[in-house]
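**Q** Here you go, sequence then predicted model.
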2 protein chains.
Amino acid sequence: MKITIAQLNYHIGNFEGNTAGMIVAIEQAKQAKADIICFSELATCGYPPRDFLEFDDFIRLSDECIQTICNHAIDIAVVIGAPSHNKEPKGKSLFNSVYFLADGKVQFVQHKTLLPTYDIFDEYRYFEPAKSWNVVEYKGKKIALTVCEDIWDVGTDDPLYTIIPMDEMMQFQPDFMINVSASPFNYDHARKRIDTVKANVLRYGIPMFYINHCGAQTELIFDGGSLVMSGNGDLYDELPYFQEEIRHYTLDDVKAGGHGNQQPKDKIALIHDAIVMGLKDYFRKLGFTKAVLGLSGGIDSAVTAVLAARALGPENVRVLLMPSQFSTGHSVDDAMGLVKKLGLMHDIIPIKDMYDVFMEKLSPIFGVLPFNVTEENIQARVRGILNMAISNKYGNILLNTTNKSEMAVGYGTLYGDLCGGLSVIGDVYKTEVYELANYINKDEEIIPVNSIIKPPSAELRPGQKDSDSLPEYDALDPILYQYIEKRQGPQDIIDMGYDPALVRRILRLVNINEFKRYQTAPVLRVSPKAFGMGRRMPIVGKYLN
Amino acid sequence: MKITIAQLNYHIGNFEGNTAGMIVAIEQAKQAKADIICFSELATCGYPPRDFLEFDDFIRLSDECIQTICNHAIDIAVVIGAPSHNKEPKGKSLFNSVYFLADGKVQFVQHKTLLPTYDIFDEYRYFEPAKSWNVVEYKGKKIALTVCEDIWDVGTDDPLYTIIPMDEMMQFQPDFMINVSASPFNYDHARKRIDTVKANVLRYGIPMFYINHCGAQTELIFDGGSLVMSGNGDLYDELPYFQEEIRHYTLDDVKAGGHGNQQPKDKIALIHDAIVMGLKDYFRKLGFTKAVLGLSGGIDSAVTAVLAARALGPENVRVLLMPSQFSTGHSVDDAMGLVKKLGLMHDIIPIKDMYDVFMEKLSPIFGVLPFNVTEENIQARVRGILNMAISNKYGNILLNTTNKSEMAVGYGTLYGDLCGGLSVIGDVYKTEVYELANYINKDEEIIPVNSIIKPPSAELRPGQKDSDSLPEYDALDPILYQYIEKRQGPQDIIDMGYDPALVRRILRLVNINEFKRYQTAPVLRVSPKAFGMGRRMPIVGKYLN
């Protein structure tokens, strides 16, 4: 028996495009004489479709897509994820299902049992869990079909659910397992996926074919990395990350085992590639090609510009240099160094005249009140207006250049440097931004070294340094990590040896700045806990603040 | 037996404040010789605590609050909602529970079974559902305790769940029911609450005491309206909306039945009162007192200013009049009319000089490209900077004045008129804003009539009217309502008799503007489907656009 894995890049709600892509893959599999081709979870409608699932019209279009694919499931079987209808009067009206199509029609449907509802996942919002399990028989083989999370409660010390669907299916003695997934990237996830698939094949003693999405949907980046594992736990193959790929396997070979190649898993390289794909797909799926961003001469905007140039082509990245009276001379030099290196379209607009007229008009109101964050914010917001003017006039999407450390403690101006359609490095701590810059410069100096080595500064008042108002990033980031990624409380973090006053100050800063994060752009998610949909905090809360 | 209902205003994470408020209520109930006092769902930590629930430290503080309340549960029993720990190794680690405290300790805990996970609710994100049910016996009475949603699958044609917890409890023959809730306001909800409580008492033939939160938590407004209903379906009492209230009941009187007073349920009056409480609590719970907003002379900012003045006091509302070269003379006059009527602090800052310097600096880049939305947005963003400058300098929170119709179709400028910490009327369609204005003016002309009767205009180019780029609001709003509130697809709406081209155009406008709504302020929720946490849409989706 020959099995094809199609690791494709779907687009939410683009039924026509998704269907066409799958039909091409089916034809390719037929040419390779495959018996079965496997797509991913919710492949008809893309993942995550969110509240589009509440529209009958949307589900009808998915049903039509299944019908169309059925017409191509002749001389080949198709495994595909899609919503299906709950015909019982009680419970949610949909299931998240995997269909088995053959001989031109739906032969079998298995519903997903474990509905992830944490972090960025909201599946119980839409779906009823499966309450019965079976396998499908095809060409003399029994196949256990599961959907994504269904295999993730095996091999964990802290099971989130009370049922393990594969345990239920084992009574039917399946020959192998197929898992259709939509499992988003974070820098730790590929390793965990392999561990999870291994825990399953070792528990059940049969091979598994694991098919993931690849491609980004706004903030969520699906890295692919589909897996084939033999029943003895040998990793037979791991598909590439961040690209579509179709591969064919002979079941007997997979059963025989032997180790195939693994993809490299260097954290910073993965983050780099993930962001490039995230950018690429955000623009392509919205029908845009060009970006604009403000280039300050600092490391954050430099890294963002490089990533954008790699994703969109340097000819599609336009930058604005907007020095103020507080900018140091080297800022423009450093920014120009990168402009020349990458060959970016650029404009220089000093902001002083605009800042001055605001201050002149506000002076009758402000009177003798001293310079404070108000004036700093006006500078940042003047830059926001200029960036958005280019964006509006030329159709370039403004990229936000804020890093995760700044976003965490609110070191940024709402409607100023926090403007932008997409936050590129908003899930990358400042200390990781340095690593990313060095990774970009590993073969040659692309980002001017001065942008990397100078002390970080917002340059919004004379001689300002980030460290005037924030702890050094080396001290800040590990505490943020414990609070945000690890959800440790203040005493837990202090018990790790961090300074109590510093811990309390930082946690307070994080919590009083929820209102800013509520209004900032979607953040390309590369860590296990990014700001945005996956982290939901009250604004009026009174906890640690 | 005497039962006290305490309808209190909790604050998320403010364990100290919440505990203190409950202790005062307990003392009052003791003085009234009550046998039992009832608080609401998650009363220790406030609702919705969101991802704070993932912090062990946060749960520990809730546990401590229960301990403290236990110490006051002497000579009185206390019914109170709080998280509790799931001691089983499998499943989520918390339950959403109702505790019965008496004789200084926890006597009984019943977990919530039905975990709302739709619209603004995310409960399955945090909680394991109950799998066993019992009643508590106290002073010779058996009491069935349920939490909010647990009673909502009775009397519906479309049950969302497969179990009805009260059905399970009836085997123990309870004498009456207590339901602790955190059921947020929308203009239809009080009526539905009464229907649901009635469906339960009629099904089980025993009285119910239903205790709701009151008070707002950012976008969610809890209106109170707690209920006491006799076993025969008589509405014995409905507590006031939008205020704290403590009332005492004799069980035998409730059993005897007879109709008590209902609160009035006029939609526009409810919306008015809800927004006033929403504003009041947003400021108070964040520790702020003063607001600022831009007053254009139009109806939206006028209504917002009145609501703010009623919530915060006119002395705490500061307005900016920021006419442009495109503003009509009557705009400033109409705005000044309201300023004088309400006695607001105001400043007038014409924006022309700032706009001109932006255009001068951008002219080398823009060249001969014609005036378009770019220049309109610059005007809106100059106003955004000015509003935020006042906000930053004086600590006034900027109020957003956008209505729901504009938010829906993206008729507003990101980082311009979409600025603000809180969207006051972002869940009120334009046609409803008119109703609200007339309601405000019902006894005297507070909002200048000219603000109400003139054709709506953003005044961002000469002679502009909203109807140049949008359908008339009378045509727009019903279609938006069908799409947003009713989740009807395009064909369903067309089948209702609406113009097909208009329907497609409007639905497309809604969908292509998700990116704007992603970045706008939290919206005070007054309808069954508001923008924000309760409506989750993809940005890169390709559906109806």
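**A** Thanks, I have the structure now. Here the structure is a predicted model, which means the values were calculated and not measured. Numbering: from 1, shown residues only, chains lettered A, B, ... in the order given.
**Q** Which residue would be the closest one in the stretch 51-200 of chain A to chain B?
**A** residue A:57 (2.7 Å; Cβ to the nearest Cβ). Where you see a C-beta, it was placed from the backbone N, CA and C, and this is true even at glycine.
**Q** Which positions in the helix or strand containing that residue come out as buried?
**A** Assigned by DSSP states H and E, residue A:57 belongs to helix A:56-72. For helix A:56-72, burial by neighbour count (16 or more other Cβ atoms under 10 Å in any protein chain shown) applies to A:57-59, A:61-63, A:65-66, A:68-70, A:72.
**Q** and the closest residue in space to the residue of the stretch 51-200 of chain A closest to chain B that isn't next to it in sequence, backbone torsions?
**A** In this structure, residue A:57 finds its nearest non-sequential neighbour in residue B:489, 2.7 Å apart by Cβ to Cβ, 6 or more residues apart in numbering or on different chains. For residue B:489, the backbone dihedrals (degrees, to the nearest 10) come out as phi -80, psi 170.
**Q** that older thread, now the buried residues of helix A:56-72 in CSV, please, with extra columns for pLDDT.
**A** Listed next are the buried residues of helix A:56-72 as CSV, based on pLDDT from 0 to 100:
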residue, pLDDT
A:57, 96
A:58, 98
A:59, 98
A:61, 98
A:62, 98
A:63, 98
A:65, 98
A:66, 98
A:68, 98
A:69, 98
A:70, 98
A:72, 98
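**Q** Residue B:377: which of the residues you listed is nearest?
**A** Ranked by distance to residue B:377 (Cβ to Cβ), the buried residues of helix A:56-72 are led by residue A:58 at 32.0 Å.
**Q** contacting residues for the spatially closest residue to the closest one that is not a sequence neighbour?
**A** If the residues on either side of it in the chain are set aside, residue A:58 comes closest to residue A:52, at 4.6 Å by Cβ to Cβ, 6+ apart. Applying Cβ atoms under 8 Å, 6 or more residues apart in numbering or on different chains to residue A:52 gives the contacts A:12-13, A:45, A:58, B:537-538, B:541, B:543.
**Q** One more: residue A:333?
**A** By Cβ under 8 Å, 6+ apart, the neighbours of residue A:333 are A:297, A:448, A:450.
**Q** Just give the number of residues close to the nearest residue to residue A:415 once chain neighbours are set aside.
**A** Closest residue to residue A:415 apart from its sequence neighbours, by Cβ to Cβ, 6+ apart: residue B:415 at 4.2 Å. Residues near residue B:415, counting by other Cβ atoms under 10 Å in any protein chain shown, number 26.
**Q** do the same with the one 5 residues further on
**A** By other Cβ under 10 Å, the residues close to residue B:420 number 29.
**Q** can you tell me the helix or strand for it?
**A** With DSSP H and E as the criterion, residue B:420 is inside neither a helix nor a strand.
**Q** And for residue A:142?
**A** Using DSSP H and E, residue A:142 falls in strand A:141-147.
**Q** what are the pairing partners of that strand, and which direction each?
**A** Using DSSP bridges, strand A:141-147 pairs in its sheet with strand A:136-138 (antiparallel), strand A:176-180 (parallel).
**Q** TSV for these, including distance to residue A:293 and mean pLDDT?
**A** What follows is those, written out as TSV (distance: least, Cβ to Cβ, whole Å; pLDDT from 0 to 100):
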stretch	distance to residue A:293	mean pLDDT
strand A:136-138	50	98
strand A:176-180	37	98
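**Q** Give me whichever of those is most buried.
**A** strand A:176-180 (a mean of 27; mean count of other Cβ atoms under 10 Å in any protein chain shown).
**Q** what about it, distance to the chain center?
**A** The chain centre lies 24 Å from the centre of strand A:176-180; the measure is Cα atoms, centre = their mean, to the nearest Å.
**Q** and the angle for the helix or strand just after it with strand A:141-147?
**A** Next in sequence after strand A:176-180, counting helices and strands by DSSP H and E, comes helix A:189-204. If you take axes from the mean of the first three to the mean of the last three Cα atoms, to 10 degrees, helix A:189-204 sits at 140 degrees to strand A:141-147.
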